[in-house]
Every structure is written in C-alpha cells, then in structure tokens.
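Q: need a structure here:
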Amino acid sequence: MTPAADCDPLPGVDGFLDLPPRLAMLTQIARVLRVDVWALTDTAQPSTVRVGPGHAHLPAVRDALNRWPIIGVDAEPQPLDHMRARVDMAWRARHAAPDHRTVIGALLPDLIRDAQHATRAHTGRRQMAAQALLADVLGLTQMFLAYQPAADLLWRTVDRAVLAAQESGDPLALCGAVWFAAQAHRDAGDWDTAMAVTLDTLQAVKPGLPDAGPELLAMWGALQVEASHTAARSGEAGGGGGHPGAARGGRRRVPGGLLPAGAPVFPGVTGPPPGDRAGGLTDRTTVPQPVVPGGPPFVPVAKAPSRRRPP
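A: Predicted coordinates for the structure are as follows:
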C-alpha cells in the first residue's frame, strides 16, 4: 500500500484491496458512514475493550483522591516551594523510569493529600499558588490513571484539575489542566468538547502572550498542537488549520536552554526540544496518549504520511 493510500482509507476501499482492514481504517470508514465500528465487522454485537487488573498502587491513589482534607485543616502545611520541588521531582521520575506507574504511584498518595491540604490551609495568594500546585499534581495523576480500570476516577480528576487551575488564576496552570482534559475528551470520542475547551483556553490566554515567559509559551504551543491533533483525529476538513504554525511561532520565542522541565514539547511539530538548565533535554517531554479505556486508537499526527496534494 502506498503512503498516500495508507493515510486515506477510501481509495483503498475503491481499489478492492485484499488486505484485511486495520482498526484505524475501519474507524474512518465508520465515521463516514455514521455507523459503529463493530457494524463493519463479523461480530454480532459491540465488543468491549477490556483493561487488565489495576496497578498495585491504584487503591492508595484512589483513597487519596476520595478523602478530602476535612479534619486536621489547622495543621501546618508543607512550604509551597518544598511542594513544588516534590512535584517537579515526581515529573522527572515519571519520564525517567521504565516502570513509571510504579514510581509515581508510590509518590502520588502523599502528593495528593499534601496538595489538597495546602489549598485549605493557605489563604490569599498562597492559596492560589497551592491551587496551581494541586492542578499539576492532578495532571500527573491522570498520567498514572491512563489505561487503569478507573474511568470514574479519571473523570473526577480531570474536573478537579481544571477547577483548581481556574481557582489559581494562573494561565500556565489552566493551560496544563486543559491540555490533559482535551486528551481525555478526545480519547473518549468527544471531539467537539476536546476542541471547544482547547480553543476557549487559547483565546483566554492569548492577551497575555506578549509578556509571557517560556513556560506559558511552551504550553500555548502544546495547546495549538492539541487543537491540530483533535482536528486530524476527528477528520475535520482542513486538518489542523493554522495551529501547527502558531505552535512553531511560540516555539521560536522560547530561549534555547531556558525551557523549564515542566513544559511539554512535541519534537515532531514544534522542533527539537531545547536543553534545560542542566544541559540535558527537557525532562517532561510528553506525547498525547489515550487515557480513557475503549477510546479510539492514537495515531501520532507528526509521524503520519502526508497526503499528496492534487496537481
């Protein structure tokens, strides 16, 4: 199969190819015909995608998320700079460890409890900073919950992360929380919501871009990539529109060697990730992944063969 036909299933159907159709092809055909994928197969009823048993740390993470800091609120919270260092360390550990769920699963329960406690114990601007920290912790939690038999927990985490980010008043925290929320909606097949929350956030953050630092610029580019990715996955006419170009524009404003470890980078779209202050590559380079069991398959847009333009 040629690259052009591989990225567009319909010519392959017209050519009566004898190869068995792949899931990605069936998904696109089903979308055009407005039927469920299972209706194009030999199965008599819809099949359910089953996930394996939960990770050993899942019960502890669930317990930390289920129990709000109702008692003991008067106890002294951890200093926010110490909390920030712990969260950054957890992100680095997540990307450095081959078995990242085991590593961050051991760290998350205490991080969740301490971050939730900080949002109740602090007031004023420090409380807003604690809300931003909690949103970041919940983003890490969503990474842990991906592919776990805990869809209810995932969606509660998505909602609470966005709410915490909004309460923080921090545009960087909001961009990060929406970046995760958009992936959850997209991988659940809710393309419209994924695109809507992404575009709403881009519009809300845009006025502050002239004075934005490298972290916010990186997250702005990441959201542009999310918009392009969502458009491509949903089969929207025109593909990603101008979002990849906007992402590259933001990438050019990020000084080399100054990109913080907390900013996601997409090498295939925004260019090579610059080094962090330690001289290595960014620790928290992240690629979108399906987080909702049973969602459509993930196809990296940056690696997909380009369509041939008509002459």
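
Q: Run a quick neighbour tally on Ile104.
A: Residues lying near Ile104 (other Cβ atoms under 10 Å) number 22. Using the backbone N, CA and C atoms, a C-beta is placed for each residue, glycine as well.

Q: Mind giving me the packing neighbours of the helix or strand hosting it?
A: Element membership of Ile104 [criterion: DSSP states H and E] is helix 100-121. Contacts defined by 3 or more Cβ pairs under 8 Å, 6 or more residues apart in numbering; DSSP states H and E place helix 100-121 against helix 58-66, helix 80-96, helix 124-145.

Q: List the buried residues of that helix.
A: Within helix 100-121, the residues that count as buried by 16 or more other Cβ atoms under 10 Å are 101, 103-105, 107-109, 111-121.

Q: same question, stretch 142-155
A: Neighbour-count burial for stretch 142-155 [16+ other Cβ under 10 Å]: Gln142, Met143, Phe144, Leu145, Ala146, Tyr147, Gln148, Ala150, Ala151, Leu153, Leu154, Trp155.

Q: Apart from its chain neighbours, what residue comes closest to the fourth one?
A: Think Leu145. Using Cβ to Cβ, 6 or more residues apart in numbering and skipping the chain neighbours, the partner closest in space to Leu145 is Leu154 (4.6 Å).

Q: for Gln116, same thing?
A: In space, Gln116 is closest to Pro69, 5.1 Å off (Cβ to Cβ, 6+ apart).

Q: give me the number of residues near the one you found?
A: 17.

Q: Which secondary structure state does it sit in?
A: coil (DSSP: H, G, I helix; E, B strand; the rest coil).

Q: Quick check: it touching Ile112?
A: No - counting by Cβ atoms under 8 Å, Pro69 stays clear of Ile112, with 10.2 Å between them.

Q: With just CA atoms, put the helix or strand harbouring Leu199 into PDB.
A: Assigned by DSSP H and E, Leu199 belongs to helix 191-205. Taking Å, rounded to 0.1, in the frame of the first residue of the first chain, the C-alpha atoms of helix 191-205 are listed here in PDB:
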ATOM      1  CA  TRP A 191     -14.200  15.600  19.600                       C
ATOM      2  CA  ASP A 192     -16.400  18.700  19.900                       C
ATOM      3  CA  THR A 193     -15.700  19.200  23.600                       C
ATOM      4  CA  ALA A 194     -12.000  18.500  23.200                       C
ATOM      5  CA  MET A 195     -11.800  21.200  20.500                       C
ATOM      6  CA  ALA A 196     -14.000  23.600  22.400                       C
ATOM      7  CA  VAL A 197     -12.100  23.600  25.700                       C
ATOM      8  CA  THR A 198      -8.800  23.900  23.800                       C
ATOM      9  CA  LEU A 199      -9.900  26.800  21.700                       C
ATOM     10  CA  ASP A 200     -11.600  28.500  24.700                       C
ATOM     11  CA  THR A 201      -8.300  28.300  26.700                       C
ATOM     12  CA  LEU A 202      -6.200  29.600  23.700                       C
ATOM     13  CA  GLN A 203      -8.500  32.600  23.400                       C
ATOM     14  CA  ALA A 204      -8.400  33.300  27.200                       C
ATOM     15  CA  VAL A 205      -4.600  33.100  27.400                       C
END
